[in-house]
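Chemist: Just a sequence and a predicted model for now, questions to come.
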Amino acid sequence: MQFGSAMRRFFDRLDANRHLVLDAVRVYLGAGLFFRGLALLLTDTGLQQFTAGAAPSLTTSGILIYVTAAHLVGGALLTVGLYTRLAALVQLPVLAGAVLVVHWQDGLLSANQSLEFSALVLFLLGLVFLFGGGRWSLDARRRASSGPARETMEEPTSA
């Protein structure tokens, strides 16, 4: 009986704090994307992945710069929840490209599961884009400090 009531209290507490899930997803995605960008910046595997062994072209170099910058800057912004929707939006083409161009030929249930993981990150970024940064984001803090919505500039009419 005690175990059942303890579990019930636990799930009630979880239900009361559902908003934390969005914050946790945002922070995890942001940190993961930031460190992925750092890996692209500091290692040569990023260039090899984009050029597939051929000489780098202006197009592949430009894509690599965009992906690295999107992951570094966008990941950092997602982690702290600043300009959250914009940071997620910048990531969406990168992950769509990863799913549709890079990992699609691997197929589902491959040994490295790159398609499944990239699709999951794409889906979660879509959710963050749609629902925003969450209660513990800097965006929410910024909105709260700006006060209530501004009134119109019209003078009140006297009756």
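Modeler: Cool, the structure landed.

Chemist: Check the gap between S145 and G30 for me.
Modeler: According to C-beta to C-beta, to the nearest Å, S145 stands 22 Å off from G30. Any C-beta I mention is one placed from the backbone N, CA and C, and that applies to glycine too.

Chemist: out of those two, which sits in the more crowded spot?
Modeler: Comparing S145 with G30 by other C-beta atoms under 10 Å, the one with more neighbours is G30, at 27 against 7.

Chemist: How confident is the prediction for that one, by pLDDT?
Modeler: pLDDT, G30: 97.

Chemist: lowest-confidence helix or strand of this protein?
Modeler: Least confident helix or strand, the chain: helix 45-51 with a mean of 66, by mean pLDDT, DSSP states H and E.

Chemist: Next secondary structure element downstream of that one?
Modeler: Moving toward the C-terminus from helix 45-51, the next helix or strand (DSSP states H and E) is helix 58-69.

Chemist: which SSE is the closest residue in space to L89 that isn't next to it in sequence in?
Modeler: Leaving aside its chain neighbours, L89 sits nearest to F129 (5.6 Å; criterion: C-beta to C-beta, 6 or more residues apart in numbering). Element membership for F129 (DSSP H and E) is helix 114-131.

Chemist: tell me the mean pLDDT over the helix or strand that that helix is followed by?
Modeler: Next helix or strand after helix 114-131 toward the C-terminus (DSSP H and E): helix 138-145. Confidence for helix 138-145, expressed as mean pLDDT, is 92.

Chemist: before we move on, what about stretch 115-123?
Modeler: The average pLDDT for stretch 115-123 rounds to 93.

Chemist: Just the residues contacting it, thanks.
Modeler: Stretch 115-123 has contacts (C-beta atoms under 8 Å, 6 or more residues apart in numbering) with 29, 32-33, 92, 95-96, 98-99, 102-104, 106-109.

Chemist: quick one: which of the residues you listed is most hemmed in?
Modeler: Most neighbours among the contacts of stretch 115-123, by other C-beta under 10 Å: L33, with 27 neighbours.

Chemist: residue contacts, the closest residue to that one other than its chain neighbours?
Modeler: Leaving aside its chain neighbours, L33 sits nearest to G75 (3.5 Å; criterion: C-beta to C-beta, 6+ apart). Neighbouring residues of G75 by C-beta under 8 Å, 6+ apart: 29-37, 87, 91.
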